[in-house]
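A.B. asks: Provided below for reference: sequence and predicted model.
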Amino acid sequence: MLGLAVTGIALTAYLTLVAWFGERPAFCGAESECDLVQQSRWSVLLGVPIAFWGLLTYALLARLLWRLRTRPASWQLALTVAGIGAAVSWYLTVVSVLDIEATCTYCLISFAIMNVLLVLLLVRRPAHMPEHAWEKSLPVPVFSSVLVVALLFMHFSGFFHPAAGPEKPYLKALAMHLRDADARFYGAYWCPTCQKQKEMFEASAYRLPYVECSPDGRTGPMNFTCVANEVKDYPTWVIGGRRHVGLLDVDRLATLSGFEGPAGTTPEN
């Protein structure tokens with residue numbers, strides 16, 4: 001079992017690294033099913049790659065399995081962690097098949113590893129535990145797994161924050177229109193007004209034609225593109241060759257860029 005957990009660590013560590021460096025995993029070409037899954041909104045949780053959370057899960061599980069050799073009491077916690085990991089894997093796999101309509105080989109391998117670990121933990125219960133102990137052993141893993149999956153579902157439904165939820169057709173279309181119209185949104189990650197501008201687009205913010213002008217912080221050098229375009233304040237929009245400084249609401253951006261929007265849609269739906 002420890003070997004499986006270590007394999008899971010290696011797999012998720014690799015996926016985490018390629019995600020952080022903005023690369024694609026090996027054998028995961030552009031616009032392939034694997035790429036669709038890796039680039040979907042379900043691939044990021046609380047600002048970090050979902051693979052990172054898998055890495056933490058496998059690492060904790062590996063530690064518990066190591067301790068299990070001399071401390072049988074670790075079995076209960078190991079079962080809970082494996083149960084949560086398997087439940088999350090099932091949730092993400094169902095989302096992948098039904099919502100994204102694509103599958104990722106790396107994800108399926110992790111899915112298999114976590115579920116095999118769960119089954120092995122169930123069948124290799126410490127010998128000192130009596131048969132009737134199942135009634136006391138299962139409720140915690142089951143409840144924990146259901147709770148975590150419920151929270152994930154609420155998160156990706158936009159219950160806690162709209163930016164994590166599904167994209168609204170109007171905002172998605174406007175963001176894509178701005179990019180196609182060769183507009184530019186110059187800003188800085190530490191600029192609160194820039195963050196407000198992005199928040200207006202909720203889950204479609206990543207589609208905006210955003211240019212980060214201050215990648216090294218307030219005191220670091222400005223991005224050459226921003227220097228060349230004489231950007232002095234954030235946010236600065238350039239739409240149709242005209243410069244607009246400051247926060248622009250969605251309606252204003254639509255007007256300036258000549259966007260009409262899909263029939264029957266508004267910024268609210």
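C.D. replies: In hand now; what should we look at?

A.B. asks: Helices of the stretch 151-269 of the chain, start to end?
C.D. replies: Listed in chain order, the helices of the stretch 151-269 of the chain (DSSP state H, counting those that start in this stretch) span 169-180, 192-199, 224-228, 250-257.

A.B. asks: With distance to residue 42, mean pLDDT and mean neighbour count added, can I get those helices in TSV?
C.D. replies: (Each C-beta comes from the backbone N, C-alpha and C, glycine too.) Output for the helices of the stretch 151-269 of the chain, formatted as TSV (distance: least, CB to CB, whole Å; pLDDT from 0 to 100; neighbours: other CB atoms under 10 Å):
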stretch	distance to residue 42	mean pLDDT	mean neighbour count
helix 169-180	16	93	19
helix 192-199	20	89	16
helix 224-228	31	93	12
helix 250-257	25	94	16
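
A.B. asks: For the stretch 101-250 of the chain, which segments count as strands?
C.D. replies: With strands called from DSSP state E, counting those that start in this stretch, the stretch 101-250 of the chain shows them at 184-187, 210-212, 236-239, 242-245.

A.B. asks: Which stretches in the stretch 1-150 of the chain count as helices?
C.D. replies: Ranges of helices in the stretch 1-150 of the chain, per DSSP H, counting those that start in this stretch, are 2-20, 33-38, 50-68, 74-95, 105-123, 134-137, 139-156.

A.B. asks: in the longest one, what's buried?
C.D. replies: By that I understand helix 74-95. By neighbour count on 16 or more other CB atoms under 10 Å, the buried set for helix 74-95 is 74-89, 91-93, 95.

A.B. asks: and what of stretch 22-30?
C.D. replies: Neighbour-count burial for stretch 22-30 flags 25, 28 (criterion: 16+ other CB under 10 Å).

A.B. asks: likewise stretch 139-147?
C.D. replies: 141, 144-145.

A.B. asks: Show me the shaky parts of the stretch 151-269 of the chain.
C.D. replies: 268-269 (pLDDT under 70).

A.B. asks: likewise the stretch 1-150 of the chain?
C.D. replies: Residue ranges of the stretch 1-150 of the chain with pLDDT under 70: 128-133.

A.B. asks: can you tell me which residues contact residue 254?
C.D. replies: Contact partners of residue 254, counting by CB atoms under 8 Å, 6 or more residues apart in numbering, are 174, 260-261.
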